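Asks: kindly generate the corresponding structure for this input.
(3 chains)
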Amino acid sequence: MSVLHTVNKSPFERNGLESCLRYVKKGSSVLLIEDGVFGALAGSTTSTAVKGAMANVAVYALEADVLARGIKGKLLDGVKLVDYAGFVDLVTQHDTTSAWL
Amino acid sequence: MATKKMLYLNRRAPYGSVYALESLEVVLIGAAFEQDVSLAFIDDGVFQLLKGQNTAAVGMKNFSPTYKALGDYDVRKIFVEKESLDARGLNRDDLLDLTYEDENEGYAEKDSIQVVSRADMAGIIEQNDVVFSF
Amino acid sequence: MSSIEVAGKMMETDEEGYLLNLAEWTEDAAKVLAAAENVNMTDAHWEVINFLREYYDEYQIAPAVRVLTKAIGKKLGPEKGNSKYLYELFPYGPAKQACKIAGLPKPTGCV
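Replies: Modelled structure (predicted):
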C-alpha cells in the first residue's frame, strides 16, 4: 500500500509536517500544498528533517503555491514540483491519500 | 485626537489565510488618521515581504506590490525580525525594497525596512500604545 | 447586479457603479462611466484617470485622496497636486469619482 501524504500548513506554525514525517513509510510520497510548501525551503529549521525523509520517500510541492509565495529559487534539492494535473496523477498513483491539516 | 503609537504585528504568511491581506487593508485605512504607525513582521509574517511573488496560477490577487505604496501612506517604520528570517533560510536580500521620502532631507529615498533582533522586537512591542495582531 | 453598456458590450458593475472587472475597462467605458457621473471628460480629467490607472498597475490599490494629491503634485506639478484642483475636476471626490471612471475598485481607506 502506498500513501500520498498532503501537508497544507506552514511547518513553522503547525506540526502537521513534523507529525506526517513520523508516519511516512518507504514508497509513500509527501505533497506540500498551500502554506505547506514552506516545508520545502532550504536552510530552514525544518529542512534537515525533510532531507532525512527524502531518503525514503519522494517529496513534491505544488508549483502554483510555490510561485505565489515567491520561493521557487529557495527550495531543497530533490523536491519535485508538480502542477495541478500532476497533483491528480499523484493521487491516482497511490493507493490512498492522507491529509495532514 | 492625541497621536498614539500603533503597532501592527504580523505573524501569518500571505495567501494561506486572510490575515496578511486584512492587516494591510487596515494599515492603509488607518493611515488616514495620521497616527504614529509601525509594522512588525515576525514568525511566518516575514513571508509577506518576499520578493518575486506570482499568484497567477493560484487565482488569487498578488498584493505584495501594495507594500511598496506604504511609503506614500507615511508608513515608514517596518521592522522585520532577524531570528524569524534565519529560521526560514531567508535574509534581507530576499525582501522587497520598501522606501519612503524624507521631506526633511530633500525628499531623499530611505529604507523603511529595519531588520532587528528578537530582543529589539520585544522592546518595540513594549514601546507602542496599541498593538493590532494579525 | 448592475451593468453598463459600452459600444454594444455589457460590463458588470457593483451596486455603487464600480466596474467589477477592471480588465474590461476601455476609454469608451470611461466615457460612459463619466457621463453617469455628469463629468465632462477633458484632457485634465484624462490626465488624472491615466495617473490612477498607472498607480493601480504598480501598487494594486486605488490611492486614498491624500496620497493621490501628493503623488499627482509630484508627477504633474504643485498647481495640480491640491484638492481644490482635483475637486473642481471631480466634484464628488477625486478618489471616489475618478476611481470609478478609471474602472478601479473603491479606494481602500476611502472614508
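
Asks: quick one: contacts for the residue in chain A positioned nearest to chain C?
Replies: Nearest residue of chain A to chain C (Cβ to the nearest Cβ) works out as A:Ala68 at 14.3 Å. C-beta: built from backbone N, CA, C; applies to glycine. By Cβ atoms under 8 Å, 6 or more residues apart in numbering or on different chains, A:Ala68 lies in contact with B:Pro14, B:Tyr15, B:Gln53, B:Asn54, B:Thr55, B:Ala57, B:Val58, B:Met60, B:Asn62.

Asks: now with 7 Å, please.
Replies: B:Tyr15, B:Gln53, B:Asn54, B:Thr55, B:Val58, B:Met60 (Cβ atoms under 7 Å, 6 or more residues apart in numbering or on different chains).

Asks: next, the buried residues of whichever helix in chain B runs longest.
Replies: The longest helix of chain B (DSSP state H) is helix B:19-30. By neighbour count on 16 or more other Cβ atoms under 10 Å in any protein chain shown, the buried set for helix B:19-30 is B:Tyr19, B:Ala20, B:Leu21, B:Ser23, B:Leu24, B:Glu25, B:Val27, B:Leu28, B:Ile29, B:Gly30.

Asks: now tabulate these in JSON lines and tack on pLDDT and distance to chain C.
Replies: Converted to JSON lines, the buried residues of helix B:19-30 look like this (pLDDT from 0 to 100; distance: Cβ to the nearest Cβ, whole Å):
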{"residue": "B:Tyr19", "pLDDT": "97", "distance to chain C": "16"}
{"residue": "B:Ala20", "pLDDT": "97", "distance to chain C": "14"}
{"residue": "B:Leu21", "pLDDT": "96", "distance to chain C": "11"}
{"residue": "B:Ser23", "pLDDT": "97", "distance to chain C": "12"}
{"residue": "B:Leu24", "pLDDT": "96", "distance to chain C": "9"}
{"residue": "B:Glu25", "pLDDT": "93", "distance to chain C": "6"}
{"residue": "B:Val27", "pLDDT": "94", "distance to chain C": "9"}
{"residue": "B:Leu28", "pLDDT": "91", "distance to chain C": "5"}
{"residue": "B:Ile29", "pLDDT": "88", "distance to chain C": "4"}
{"residue": "B:Gly30", "pLDDT": "86", "distance to chain C": "8"}
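
Asks: want to throw these into CSV with distance to A:Gly73?
Replies: Shown next, in CSV, are the buried residues of helix B:19-30 (distance: Cβ to Cβ, whole Å):
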residue, distance to A:Gly73
B:Tyr19, 25
B:Ala20, 21
B:Leu21, 24
B:Ser23, 26
B:Leu24, 25
B:Glu25, 29
B:Val27, 28
B:Leu28, 30
B:Ile29, 34
B:Gly30, 34
